[in-house]
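Q: please work out how this folds:
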Amino acid sequence: MAELKIGQKAPDFTLMNDAGEKVKLSDLKGRKVVLYFYPKDDTPGCTTEACNFRDGISEIKKQGAVVLGVSADSVESHRKFKSKFDLNFTLLSDPEKKMIENYGVWKEKSMYGKKYMGIERTTFLIGKDGKITHIFPKVKVGEHYDQVLEALKEPGKS
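A: Numbering: from 1, shown residues only. Sure, this is the predicted structure:
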């Protein structure tokens, strides 16, 4: 898959959410979307990132945006993660990794000298017109929410 670039149309997808309902990107046209990919439910970095979005959701909504978190975890895993941390946004399940690969975030990673394939923590901001306005690769969870909010507030970025 060619690397996605700012200004290009975000690849459409249809995935199951944490409630077992289908979510399509094209159904969100006319709204800004914070689409963030994370490695695994209920792990330290992913929990911090999710809780930061949870705690800041009202500011994100003020900017006319919705938050969608995506991992390869199951719908049931997402349901438990969402319930445990009282998450107030949608989690999408991509166990076949089709969307994860379409967005170019399935990458070779390395931990303790071992190489393996996994999701590289990445966030895409998608404008009301369905085009990518920002890409945040290799996200550092501590400051990420603030970066996303600042980007959503930028004038001229719909």
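
Q: just the helices from the chain, written as ranges.
A: 44-55, 57-62, 75-84, 98-102, 141-153 (DSSP state H).

Q: identify the residue nearest the geometric centre of the chain.
A: For the chain, the residue nearest the mean C-alpha position is residue 36 (1.4 Å; C-alpha atoms, centre = their mean).

Q: these two touch, right, it and residue 123?
A: Yes. Contact criterion C-beta atoms under 8 Å: residue 36 and residue 123 qualify, at 4.2 Å. (Glycine included, C-beta is placed from N, CA and C.)

Q: a markdown table for the helices of the chain, including mean neighbour count and mean pLDDT?
A: Below are the helices of the chain laid out as a markdown table (neighbours: other C-beta atoms under 10 Å; pLDDT from 0 to 100):
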| stretch | mean neighbour count | mean pLDDT |
| --- | --- | --- |
| helix 44-55 | 17 | 92 |
| helix 57-62 | 14 | 95 |
| helix 75-84 | 17 | 96 |
| helix 98-102 | 18 | 94 |
| helix 141-153 | 16 | 91 |
